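**Q** Here is my input; please provide its structure:
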Amino acid sequence: VQLQASGGGLVQAGGSLRLSCAASGRTFKNYGMGWFRQAPGKEREFVAGISWSGGSKYYAESMKGRFTIDRDNAKNTVYLQMNSLKIEDTAVYYCGARWRVGVPDGREYEYWGQGTKVTVSS
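**A** Numbers count the residues shown, from 1 in each chain. All right, here's what the predicted structure looks like:
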């Protein structure tokens, strides 16, 4: 599975962005997907995950109510809708693929996209 993340950019605090992660390969529908982020000088952290069917979704506590993960298996794409963005959301966002379930532990992911940068300004 090859992953291509996109949709990052510069946005003011309080604004919204939608990230996309397009996957190649016919087996995308079998993979759970996750979004992670890494801010400068910080470790990678889990943002959100979704199961292969989309039936289960998981969020880091600080993202609950602001971020929404979703997927369209017909388009081989997973999305991250980010609302009410804060300056501390500034980071490079990565998507990852893991068999069946998108769990919070990044070490369990098999495939990664190249990342898309999100900058939130005041």
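**Q** Now do the phi/psi pair for Glu61.
**A** Here is the backbone geometry of Glu61 (degrees, to the nearest 10): phi -60, psi -40.
**Q** what's the neighbour count on it?
**A** With neighbours defined by other C-beta atoms under 10 Å, the count for Glu61 comes to 6. Glycine gets a C-beta too; all of them are placed from N, C-alpha and C.
**Q** how close does it sit to Arg44?
**A** Between Glu61 and Arg44 the distance is 16 Å, computed by C-beta to C-beta, to the nearest Å.
**Q** for this protein, which spans come out with low pLDDT?
**A** Residue ranges of the chain with pLDDT under 70: none are present.
**Q** List the contacts of Leu85.
**A** Neighbouring residues of Leu85 by C-beta atoms under 8 Å, 6 or more residues apart in numbering: 11-17, 66, 118, 120.
**Q** Contact partners for the closest residue in space to Ser122 that isn't next to it in sequence?
**A** Ranked by C-beta to C-beta, 6 or more residues apart in numbering and with sequence neighbours excluded, the top spatial neighbour of Ser122 is Ala13, at 5.6 Å. The neighbours of Ala13, taking C-beta under 8 Å, 6+ apart as the test, are 85-87, 120-122.
**Q** Gly106 too?
**A** 34, 36, 44, 46, 96.
**Q** Could you measure from Pro104 over to Lys29?
**A** The span separating Pro104 from Lys29 equals 21 Å under the rule C-beta to C-beta.
**Q** Now the residue nearest the centre of the chain: closest residue in space that isn't a chain neighbour?
**A** Relative to the mean C-alpha position of the chain, the nearest C-alpha, by C-alpha atoms, centre = their mean, is the one of Trp35, at 2.5 Å. With C-beta to C-beta, 6+ apart as the criterion, Trp35 has its nearest non-adjacent residue at 4.2 Å, and that residue is Val47.
**Q** Look up how far Thr90 lies from the one you found.
**A** Using C-beta to C-beta, one obtains 13 Å as the distance from Val47 to Thr90.
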